[in-house]
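**Student:** let me see the structure of the following:
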Amino acid sequence: MEELLNILNEMHPDVDFATEEHLIDNMILDSLDIVSLIAEINDVFDVTITARDIVPANFNSAKALYALIEKLDGEA
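**Tutor:** Down below sits the predicted model:
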């Protein structure tokens, strides 16, 4: 989780990703952020986020995103 928080903090250092639960709903992350985030996650965590995984529920919080990473890692 710490690695994910570091990635997110590099994108938006002004956001408290540990507690924020509406990253998409509140437009904190935009489409370019999502594309960059997916690429970084794929590299760092060695998982593949597919188009079907790109839904707001998976990206609204660091906790949800980390749950997705763990799920994908378990499928590998």
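**Student:** can you get me a residue count around Lys63?
**Tutor:** 15 (other Cβ atoms under 10 Å). For the C-beta atoms, the positions are set from N, CA and C on the backbone; glycine is no exception.
**Student:** that one sits in which helix or strand?
**Tutor:** Assessed by DSSP states H and E, Lys63 sits inside helix 62-75.
**Student:** hey, where'd the helices end up in this protein?
**Tutor:** For the chain, the helices defined by DSSP state H cover 2-11, 31-45, 56-59, 62-75.
**Student:** which residue is nearest the centroid of this structure?
**Tutor:** Ranked by distance to the mean C-alpha position of the chain (Cα atoms, centre = their mean), the top residue is Leu65 at 4.4 Å.
**Student:** got a list of what that residue touches?
**Tutor:** By Cβ atoms under 8 Å, 6 or more residues apart in numbering, the contact list for Leu65 reads 4, 37, 41, 58-59.
**Student:** dump those into JSON lines; add pLDDT and distance to Ile24 as well.
**Tutor:** Listed next are the contacts of Leu65 as JSON lines, based on pLDDT from 0 to 100; distance: Cβ to Cβ, whole Å:
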{"residue": "Leu4", "pLDDT": "97", "distance to Ile24": "16"}
{"residue": "Leu37", "pLDDT": "97", "distance to Ile24": "11"}
{"residue": "Ile41", "pLDDT": "97", "distance to Ile24": "15"}
{"residue": "Asn58", "pLDDT": "97", "distance to Ile24": "9"}
{"residue": "Phe59", "pLDDT": "97", "distance to Ile24": "5"}
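**Student:** of those, which is the nearest to Arg52?
**Tutor:** Distances from the contacts of Leu65 to Arg52 were compared by Cβ to Cβ; the smallest belongs to Asn58, at 9.9 Å.
**Student:** dump the residue contacts of the closest one.
**Tutor:** For Asn58, the contact set (Cβ under 8 Å, 6+ apart) comprises 64-65, 67-68.
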